[in-house]
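K.L.:
I would like the atomic coordinates for the input below:
(2 chains)
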Amino acid sequence: MLDAKLFRTDLSSLAAQLMQTRGFELDVALLESLEERRKALQVKTESLQAERNSRSKNIGKAKAQGEDIAPLLAAVNDLGDQLEQAKQELKEVQTELHAIISSIPNLPAAEVPLGKDEEDNQEILRWGEPRQFDFEPRDHVDLGEGLAKGMDFDSGAKLAGARFVVLKGQVAKLHRALTQFMLDLHTEQHGYLETYVPYLVNHETLFGTGQLPKFGEDLFHVQGATEQQIPLSLIPTAEVPVTNLWRDEIADAEQLPLQYCAHTPCFRSEAGSHGRDTRGLIRQHQFDKVELVWLVQPEQSMDVLETLTGHAEAVLQALELPYRKVLLCTGDMGFSAQKTYDLEVWLPSQEKYREISSCSNMGDFQARRMQARFRVKGGKPELMHTLNGSGLAVGRTLVAVLENYQNEDGSVTVPVALRPYLGGLEKLGG
RNA sequence: GGAGAGAUGGCAGAGUCCGGUUGAAUGCACCUGACUUGAAAUCAGGCGUGGGUUUGCGCCCACCGGGGGUUCGAAUCCCUCUCUCUCCGCCA
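P.N.:
Numbers count the residues shown, from 1 in each chain, chains lettered A, B, ... in the order given. Here you go, the predicted model:
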């Protein structure tokens, strides 16, 4: 959420900025009229309340002195209805304003390149050389199925439907090894606190990180056993539960920065991506991810974004997977982000770099929604800045390892860094 | 699943029975000042959050787990939801 003060002081330039960077159309006239009504109604409501409070106090006093309070009661009679009506109207206007404001995306940082879509993203660097194959490389589906049916999409479809998979044997173990490797790297080398968090969260939590109210259709929602039970949703990323650890909390300034990592499954409905990446593991309803989250003081956040992205890169480098780092343009960034780097890993079968990590600085956007704050000793509470990044998406890393490390006979060499996690195994299949 | 207890400011903890100058005693923590060479201790004062309005001083409103109700007036009474704790049962 953006600072409400922006809407009062600088509405037209805010609207221009949102249009230019996000292509987001702000209804200035509507906001202005709502804000005008809000102001009038709030002043009216509060003055009626003040009036009521003082009269009620007088009644209390009179009663304490044994005076006759009947005339005082009569005088306050008509206030109730007026107040009730004013409150009601105010509530409606505020609800409407809140709905609009909580659906406005974050403002990109100044250095983020202007652009419409991924075409306008800016490549920052390439690491590693895509391997030259002296045979036709298979894609991960063929490779996975070839490894003793270690990647079984038919079973996934039978059990749950399209975009689900069953992993078995060496492929399942490789998947686990990747997860372990990433967690160990981040907790032992990069200073993150490992966390285990709920995979189902409530709506306040989803509002905090920006998934609600706007992106509810991207999520899987879970109905409780009874009507009254509060509705929960499956997390689309560990960013949601981990960042919300600090919702409605005030940290001491010395506690910051906070670094968390978490391995969780992620659940996405993929509504609106019909027909995209239908083959293979690239786009599933359920996938595992190791997520990195930072909570920091505002002036640190841009430096920390570089650090955080570096930690995700370290995984790719350790696995010796060629990748590139891309600075997303304004139009390609997520709703809550101020600045985002994507890491894209080389996939030989597609002869393309594909997203495997996304690292973002959200600024105070999520913190304002969550009321996640910190306090310098003796000072006022201030909003934190929040950051998160994948370190990495496990399923896509599995794809990258299989494809980049494949041999002509369909076997797959195990990256050296992973061998300790596979009991020293050097090769899958073959 | 059954029975009971509870949720109050950064923390601890009164107030809830009997509704009224209670945004809330007290303690801790924190800030300022005095004392001290400095520190500790002691003393005096200050010290919640969000919002509205104002050039400013200030004034006003809301908030005692969430929502709703009763009332001129609710931390206090009623309903409801959530969470926590204790005991029993069950279970990974």
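
K.L.:
Spell out which parts of chain A neighbour RNA strand B.
P.N.:
A:4, A:8, A:39, A:42-43, A:45-47, A:49-50, A:52-57, A:59-61, A:63-64, A:73, A:76-77, A:79-80, A:228-230, A:250, A:373, A:377-378, A:380-381 (C-beta under 7 Å from any atom of the strand). C-betas here are computed from N, CA, C, even on glycine.

K.L.:
ok, how many other residues are close to A:Asp139?
P.N.:
19 (other C-beta atoms under 10 Å).

K.L.:
tell me the domain ranges of chain A?
P.N.:
Following automatic domain parsing, chain A resolves into domains at A:27-101, A:118-428.

K.L.:
Those: which one's closest to A:Ala110?
P.N.:
domain A:118-428 (9.4 Å; C-beta to C-beta).

K.L.:
what's the span of that closest one from first residue to last?
P.N.:
36 Å (C-alpha to C-alpha, to the nearest Å).

K.L.:
so how far is it off the chain centroid?
P.N.:
Centroid separation for domain A:118-428 versus its chain: 10 Å, with C-alpha atoms, centre = their mean, to the nearest Å.

K.L.:
Ok, stretch A:13-27 next?
P.N.:
Worked out by C-alpha atoms, centre = their mean, stretch A:13-27 lies 22 Å from the chain centre.

K.L.:
for the record, mean pLDDT for the longest helix along chain A?
P.N.:
Scanning chain A for the helix with the most residues, using DSSP state H, yields helix A:28-64. Averaging pLDDT along helix A:28-64 yields 89.

K.L.:
Show me which positions of stretch A:313-332 end up buried.
P.N.:
For stretch A:313-332, the neighbour count (16 or more other C-beta atoms under 10 Å) marks A:313-316, A:318-319, A:321-332 as buried.

K.L.:
what's stretch A:423-430 in contact with?
P.N.:
A:146-148, A:150, A:170-171, A:174, A:407, A:409-414, A:419 (C-beta atoms under 8 Å, 6 or more residues apart in numbering).

K.L.:
10 Å instead, please
P.N.:
A:143-144, A:146-148, A:150, A:169-171, A:173-174, A:177, A:401-402, A:405-416, A:418-419, A:422 (C-beta atoms under 10 Å, 6 or more residues apart in numbering).

K.L.:
Name the SS class of A:Glu382, please.
P.N.:
Look at A:Glu382: counting by DSSP: H, G, I helix; E, B strand; the rest coil, its state is strand.

K.L.:
which ones are touching it?
P.N.:
Here A:Glu382 is in contact with A:250, A:253, A:297-298, A:364, A:367, A:373-376 (C-beta under 10 Å, 6+ apart).

K.L.:
Which residues does it form beta bridges with?
P.N.:
Beta-bridge pairing of A:Glu382, defined through DSSP bridges, involves A:Phe374.

K.L.:
A:Phe133 and A:Tyr192: what is the separation?
P.N.:
36 Å (C-beta to C-beta, to the nearest Å).
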